[in-house]
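Student: show me how the following folds:
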Amino acid sequence: MDLDRLWKNVQEELKIVMAPAVFQTFVSKSQLITLKNDSATISCPNSYLVDINNKRYKDLFLEALNNQTKTKNQINFIVQANLEIDSPSSSASPLFNYTPPTQEFSANLHPLYTFENLIVGNSNNYAYAASQGIVQNPGITHNPFFIWGGVGIGKTHLMQAIGHQLLKNNPNFKICYFPAETFGNELISALKSKRMNQFKRKYRQLDCILVDDVQFLAGKEYIQEEFFHTFNALHMAGKQVILTSDRKPDDIDRLEDRLVSRFMGGLTVDIQPPDYEMRLAIINQKIEKKGINLSSEAASYLAENITSNTRDIEGRLQEIQIQAQTQNKKDIDLAFVQSLLSPASFTPGSDTPLTPRHLVSVCAKHFGIKTGDLCGKSRQKDLVSARHITAYLLLTQTKLPLKQVGQILGGRDHTSIMHARDKIHTDLSTNPQIQQLINQIKAAL
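Tutor: Numbering: from 1, shown residues only. As a prediction, the model looks like this:
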């Protein structure tokens, strides 16, 4: 069995025993480089992944590898960057020989927005999986590809990562990333200078366009007209179109129906705020790149409390780094982080604590039912589903004990509340709609 086939089998086995977010972050980006004399060398994109795999998952790697080879092996994790580019082993995967082409600069791609630097978890794994289909069959699979979600959750990173990978696979591809606002500004400039033919050639001869924040097209009739024709020209020629927005196409006010129809003609996916496991992975990635010596307890504290988005995480880490430098503190522990950032500081404007009554009221309003029905005895399917989500939120957002949550929701016993909690917890890892629903309710609290 060759190394590639062996490694695929090992990964398939690990996929079964690991949580999806763990597998995507710590296994999917690793590669078996050599296996000689029962000693395996596995490369990882950075030293953080090497460290975590050694500390937490080495036994799982070993067990899967031993099962496939029917022998007892040893494993050595190394950083991918330490591989010799011209060594025979480096040819095992084209990833190690890849240098971003010079065209990336005219393509306006950020050099760090690659798949190698993208943390994949429950909030974005569906969008990530779809993106892999696009890089294999651009213009055919998921065209257009529309990504939507809140601020700072990785839409632009994922979009540009697709661009990098397309250039890696097809060095002669003509790719351009641009915000929708830039398209509008250039159109106006071309009209003033009578360079419309040049403007049209620039965009309509591309193989792939990556358009950020298309909600800025809303209400601008002439810009929408030109974008519509540009979109059609590319799409009919089988070129790839990738778009992002802060909301779904049909939720963008004053966006022409024909554009909404075109945008929704391919695949529309949403990216949600990262969960705890993903936030922790992001924090550890950031501190490694910034050279911040942050304790694991402090990292966990930040992951538990910064629940908004990746940009907020980066801002908090920068604040911590500056304060540590000011105080000449090299090792940053939990006490130091807590002295800078109290729990209240993570939720600006929330001076009033969340009450169970308010949470129940928000849930009832969201589901369009009466509070009395939500807390009542009815076993109607829709009410039961709403009740399960409310129980989950009462437990996670107000930290009430099981017994008290049961009393609030009609005097139910603690086992019923445990069942509701466990069911929603399971649904969150498998059902993006549930994840989106709960995030919407949280935003309304």
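
Student: what about the residue most central in space within the chain, distance to Phe146?
Tutor: Against the mean C-alpha coordinate of the chain, by Cα atoms, centre = their mean, the closest residue is Asn124 at 3.7 Å. Asn124 sits 14 Å away from Phe146, going by Cβ to Cβ, to the nearest Å. To be clear about C-beta, it is placed using only N, CA and C from the backbone, and glycine gets the same treatment.

Student: repeat that for Lys365.
Tutor: Counting by Cβ to Cβ - Lys365 and Phe146 are separated by 29 Å.

Student: could you look up the SS state of Thr244?
Tutor: With DSSP: H, G, I helix; E, B strand; the rest coil as the basis, Thr244 sits in strand.

Student: quick one: residues contacting the residue lying closest to it once chain neighbours are set aside.
Tutor: Ranked by Cβ to Cβ, 6 or more residues apart in numbering and with sequence neighbours excluded, the top spatial neighbour of Thr244 is Lys155, at 4.3 Å. Going by Cβ atoms under 8 Å, 6 or more residues apart in numbering, Lys155 touches 147-149, 212, 244, 271.

Student: quick one on the thing from earlier: quick check: phi and psi at the residue nearest to the centre of the chain.
Tutor: With angles defined as degrees, to the nearest 10, Asn124 sits at phi -130, psi 10.

Student: okay, the residue lying closest to it once chain neighbours are set aside and Asn125: tell me how far apart.
Tutor: Closest residue in space to Asn124, ignoring its immediate chain neighbours: Ile271 at 4.7 Å, by Cβ to Cβ, 6+ apart. Distance, Ile271 to Asn125, by Cβ to Cβ: 10 Å.

Student: neighbour count winner among the two?
Tutor: Applying other Cβ atoms under 10 Å to Ile271 and Asn125 shows that Ile271 carries more neighbours, namely 23 against 18.

Student: what's across from the more buried one in the sheet?
Tutor: Beta-bridge partners for Ile271, by DSSP bridges, are Gly149.

Student: quick check on the most far-flung residue of the chain relative to its centre: phi, psi?
Tutor: Distance to the chain centre peaks in the chain at Lys194, reaching 41.9 Å (criterion: Cα atoms, centre = their mean). When read as degrees, to the nearest 10, the backbone of Lys194 gives phi 60, psi 50.

Student: swap in Ser123?
Tutor: The phi/psi pair for Ser123 (degrees, to the nearest 10) is phi -80, psi -20.

Student: ok, it - contacts?
Tutor: Counted by Cβ under 8 Å, 6+ apart, Ser123 has contacts 153, 271-275, 278, 435.

Student: and what of His142?
Tutor: Neighbour list for His142: 130, 133-134, 266-267 [criterion: Cβ under 8 Å, 6+ apart].

Student: show me those residues that map onto strands.
Tutor: Taking DSSP state E as the definition of strands, those contribute Leu267.

Student: max pairwise distance over the contacts of His142: which two?
Tutor: Maximum pairwise distance in the contacts of His142, criterion Cβ to Cβ, is 11.2 Å, between Gly133 and Gly266.

Student: what about Thr326, distance to Val362?
Tutor: 41 Å.

Student: also Ala130?
Tutor: Counting by Cβ to Cβ - Ala130 and Val362 are separated by 32 Å.

Student: for Ile292, same thing?
Tutor: Between Ile292 and Val362 the computed distance is 37 Å (Cβ to Cβ).

Student: what's the answer for Lys8, then?
Tutor: As judged by Cβ to Cβ, Lys8 and Val362 stand 46 Å apart.

Student: related to what we said a few turns ago, wait, which of the contacts of His142 is closest to Gln68?
Tutor: For these, the minimum distance to Gln68 (Cβ to Cβ) is 27.2 Å, reached by Gly133.

Student: report how many residues lie close to the closest one.
Tutor: By the measure other Cβ under 10 Å, the count of residues near Gly133 is 14.

Student: which stretches of the stretch 1-150 of the chain have low pLDDT?
Tutor: 1, 21, 48, 81-106 (pLDDT under 70).

Student: any idea where the strands of the stretch 301-445 of the chain begin and end?
Tutor: Using DSSP state E, counting those that start in this stretch, the strands of the stretch 301-445 of the chain run over residues 331-332.
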